[in-house]
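**Student:** sequence isn't available, so here's the structure alone:
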């Protein structure tokens, strides 16, 4: 069964024809479990989906407000997030995706930075020709970005 058909089957099982509503009715952990139960969706892709749904549709805002550490579920880590996190906080990001996302989320929260805004990279400016990185919301300007 293909991924789309599997999602549709799960939506039928749960009697909810809208994926946003289906995920929004679940707590953060249960929404992630649901997504990760689907063929082809792991921690990173589920985090991308959940980050965007939270940002666009305000899902889980109240739950995240009560327990900010749950933001790690919405923190996909790609090479750019990894590089920027290492530069900004000088942290080691070795291990599984959840360990990395928990470290990044903790650093964001300690600096009073919205973890979703950090992950989106909206305030991030990278100039690969000059090899510089500017993070205006942190007041950082880095030279010589590692490749």
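**Tutor:** That came in fine, so what should we check first? Just so we're clear, the structure is a prediction, and the values are computed from it rather than from any experiment. Numbers count the residues shown, from 1 in each chain.

**Student:** tell me the pLDDT of residue 125.
**Tutor:** Residue 125 is assigned a pLDDT of 51 by the prediction.

**Student:** low-confidence ranges in this protein?
**Tutor:** 1, 122-147 (pLDDT under 70).

**Student:** identify the residue spatially nearest to the residue nearest the centre of the chain, adjacent ones excluded.
**Tutor:** The residue lying closest to the centre of the chain (C-alpha atoms, centre = their mean) is residue 75, at 2.1 Å. Closest residue to residue 75 apart from its sequence neighbours, by C-beta to C-beta, 6 or more residues apart in numbering: residue 101 at 4.0 Å. Glycine gets a C-beta too; all of them are placed from N, C-alpha and C.

**Student:** wait, what's in contact with that neighbour?
**Tutor:** 43, 47, 72, 73, 75, 76, 77 (C-beta atoms under 8 Å, 6 or more residues apart in numbering).

**Student:** how close does the first one sit to residue 8?
**Tutor:** The one in question is residue 43. 23 Å (C-beta to C-beta, to the nearest Å).

**Student:** repeat for the fourth one
**Tutor:** Plainly put, residue 73 is 24 Å away from residue 8 if you go by C-beta to C-beta.
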